[in-house]
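> Fold the following.
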Amino acid sequence: MVGNERMSTTLSLCTVCVFNKCVYVAATLFLFTIVLHMFVLSVLSREVMESHEVTYNKKTMPVRAICNLNGHLIEPHRIHAGVSVPNVDSGDGTKMRAGQIFAIETFGSTGIGFVGNTGVSSHFMRPWPGGAPRASSGLTGPAKALLGEIDNKFGTLAFCPRWFDHPSKFEGPLGELVGAGVVAEYPPLCDVEGSYTAQYEHTIAVTNSGVRVITRGPDY
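A predicted model of the protein is given here:
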């Protein structure tokens, strides 16, 4: 989605700036035991993101927050656990609470700030128990075998077909699993043609004494 190195770096710095501001505010509020609602972060995220602009090929473009992509709560073996951290104000009064883990994801675009499914799916995931059919009845032998391998290797975490030893032989069975609703597919997400997008992400732990970024390291 970002096809130019200079543009990619500049736009990515915008998303980093938004992330750092959001974490700073969250940490400050929790330090002083002030309740943090989701809409506080979402309003701040959009304000900081859209205060930036990028220039490429002598053309200056405003940066927009992508309104239909969010950060999210993380629970054991459940990467998207039902609570969203919006990039724009949604009026969400949900509170962050001590003991929770969140993926804070900031998304910027030079397009309209709205993405849709485009192209061939590259990521797949088993639905969370109770969220969709998980039974294997009615499936062919190869599809059942693939389903067993998915459950053993990935459980309810996302995966890519290229991670299998022989990905090409799974194309038919994987399509069968998707068609039966026991595996969900996730196509690439794109803004309008010709636009550039960027995303930045870290995982934070909310504690009684503040917020800790638990994925930050010397290289990221």
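
> going forward, measure contacts between C-alpha atoms and count neighbours the same way
OK.

> Show me where the chain has its helices.
Under the criterion DSSP state H, the chain contains helices at 5-31, 38-49, 141-153, 171-180.

> Which residues does the third one contact?
Residues outside helix 141-153 that contact it (CA atoms under 8 Å, 6 or more residues apart in numbering): 136, 170, 173, 174, 176, 177.

> Now tabulate the residues you listed in a markdown table and tack on distance to residue 39, pLDDT and neighbour count.
Converted to a markdown table, those look like this (distance: CA to CA, whole Å; pLDDT from 0 to 100; neighbours: other CA atoms under 10 Å):
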| residue | distance to residue 39 | pLDDT | neighbour count |
| --- | --- | --- | --- |
| 136 | 41 | 64 | 16 |
| 170 | 42 | 79 | 18 |
| 173 | 42 | 92 | 19 |
| 174 | 39 | 93 | 23 |
| 176 | 40 | 93 | 18 |
| 177 | 37 | 93 | 22 |
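
> Next, give me the two most distant ones among the residues you listed.
Spatial extent of these (CA to CA) is set by the pair 136 and 170 at 16.2 Å.

> Can you add distance to residue 162 and give the contacts of helix 141-153 back as CSV?
Listed next are the contacts of helix 141-153 as CSV, based on distance: CA to CA, whole Å:
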residue, distance to residue 162
136, 23
170, 10
173, 14
174, 12
176, 17
177, 17
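
> Out of those residues, which is nearest to residue 36?
residue 177 (40.5 Å).

> From the recorded domain assignment, give the ranges for the protein.
5-114+192-213, 123-186 (automatic domain parsing).

> residue contacts, residue 15?
Residue 15 neighbours (CA under 8 Å, 6+ apart): 49, 106, 107, 108, 198, 199, 200.

> from the residues you listed, which ones fall inside strands?
Residues of the contacts of residue 15 located in strands (DSSP state E): 106, 107, 108, 198, 199, 200.

> Quickly list what the third one is bridged to.
Each beta-bridge partner of residue 108 is listed here, defined by DSSP bridges: residue 65, residue 198.

> what sits against it?
By CA under 8 Å, 6+ apart, residue 108 lies in contact with 11, 12, 14, 15, 49, 63, 64, 65, 66, 197, 198, 199.

> can you tell me how far it sits from residue 55?
Residue 108 sits 14 Å away from residue 55, taking CA to CA, to the nearest Å as the criterion.

> now the fifth one
Counting by CA to CA, the separation of residue 199 from residue 55 is 18 Å.

> Pick out whichever of these two has more residues nearby.
residue 199 (19 against 13; other CA atoms under 10 Å).

> my read: that one touches residue 107, true?
Yes: with contacts counted by CA atoms under 8 Å, residue 199 reaches residue 107, the gap being 4.5 Å.

> What is the neighbour count of the closest residue in space to residue 40 that isn't next to it in sequence?
The shortest distance from residue 40 to any non-neighbouring residue, by CA to CA, 6 or more residues apart in numbering, is to residue 89 (8.0 Å). Using other CA under 10 Å, residue 89 has 18 neighbouring residues.

> I'd like the distance between residue 89 and residue 138.
44 Å.

> and what of residue 193?
41 Å.

> Can you tell me how far residue 217 is from residue 202?
Here residue 217 is placed at a distance of 10 Å from residue 202 (CA to CA).

> of those two, who's got more company?
residue 202 (19 against 7).

> wait, isn't the more buried one in contact with residue 104?
Yes: judged on CA under 8 Å, residue 202 makes contact with residue 104 at a distance of 5.6 Å.
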